[in-house]
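[1] What would the 3D arrangement of this be:
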Amino acid sequence: MPLNTHDKKIIKSTANWSKYAGLGTQLMTGLLLLLYVGKKIDAYFHYKNSFAWILPSIFILYTLVRIIKETQPKNQ
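    Coordinates of the predicted model:
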């Protein structure tokens, strides 16, 4: 049975929702993991929260650049 226009819109909106939910999960997981690793590095080298700030900040910048590149319209 072929899909009608309404069904296609529902599938498309679900795909968009799941794409952004996955991105949010990836962002939170990456930040928590890098915060944990940064705290361990700081404890090992006896720094005061240097890597705990640097690693998540670099990850946020990388993620923003990647999102901007992905959302740019493609030239034909």
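[2] Now do the helix or strand of the chain with the lowest mean pLDDT: distance to the chain's middle.
    Ranking every helix and strand in the chain by mean pLDDT, DSSP states H and E puts helix 5-45 at the bottom, with a mean of 83. What separates the centre of helix 5-45 from the centre of its chain is 4 Å, taken as Cα atoms, centre = their mean, to the nearest Å.
[3] Tell me which residue is most central in the protein.
    Centroid check for the chain by Cα atoms, centre = their mean gives L27 as the closest residue, at 3.4 Å.
[4] Distance-wise, check the closest residue to it other than its chain neighbours relative to G30.
    Spatial nearest neighbour of L27, chain neighbours left out: T63 (6.0 Å); criterion: Cβ to Cβ, 6 or more residues apart in numbering. For every residue, glycine as well, the C-beta is placed using N, CA and C. Computed as Cβ to Cβ, to the nearest Å, the T63 to G30 distance reads 7 Å.
[5] what's the answer for V65, then?
    Taking Cβ to Cβ, one finds V65 at 14 Å from G30.
[6] who's more crowded, the two?
    G30 (16 against 10; other Cβ atoms under 10 Å).
[7] ok, that one touching I58?
    No. G30 lies out of contact with I58 (Cβ atoms under 8 Å); the separation is 10.5 Å.
[8] How about the contacts made by K74?
    Applying Cβ atoms under 8 Å, 6 or more residues apart in numbering to K74 gives no contacts.
[9] sec struct for it, please.
    Of the three states, K74 takes coil under DSSP: H, G, I helix; E, B strand; the rest coil.
[10] Quick check: phi and psi at it.
    phi -80, psi 140 (degrees, to the nearest 10).
[11] Show residues contacting stretch 53-72.
    Outside stretch 53-72, the residues that touch it by Cβ under 8 Å, 6+ apart are 23, 27, 30-31, 34-35, 37-38, 41.
[12] could you dump it to PDB, C-alpha only?
    C-alpha atoms of stretch 53-72 as PDB (Å, rounded to 0.1, in the frame of the first residue of the first chain):
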ATOM      1  CA  TRP A  53      37.700  23.200  31.000                       C
ATOM      2  CA  ILE A  54      39.900  22.800  27.900                       C
ATOM      3  CA  LEU A  55      38.700  19.400  26.600                       C
ATOM      4  CA  PRO A  56      34.900  20.100  26.800                       C
ATOM      5  CA  SER A  57      35.500  23.600  25.300                       C
ATOM      6  CA  ILE A  58      37.300  22.100  22.300                       C
ATOM      7  CA  PHE A  59      34.600  19.500  21.900                       C
ATOM      8  CA  ILE A  60      31.800  22.200  21.900                       C
ATOM      9  CA  LEU A  61      33.700  24.300  19.300                       C
ATOM     10  CA  TYR A  62      34.200  21.100  17.100                       C
ATOM     11  CA  THR A  63      30.500  20.200  17.400                       C
ATOM     12  CA  LEU A  64      29.400  23.700  16.500                       C
ATOM     13  CA  VAL A  65      31.600  23.800  13.400                       C
ATOM     14  CA  ARG A  66      30.300  20.400  12.400                       C
ATOM     15  CA  ILE A  67      26.700  21.400  12.800                       C
ATOM     16  CA  ILE A  68      27.200  24.600  10.800                       C
ATOM     17  CA  LYS A  69      28.800  22.600   8.000                       C
ATOM     18  CA  GLU A  70      26.000  20.100   8.000                       C
ATOM     19  CA  THR A  71      23.200  22.700   7.900                       C
ATOM     20  CA  GLN A  72      24.700  24.800   5.100                       C
END
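[13] Sweet, I'm off.
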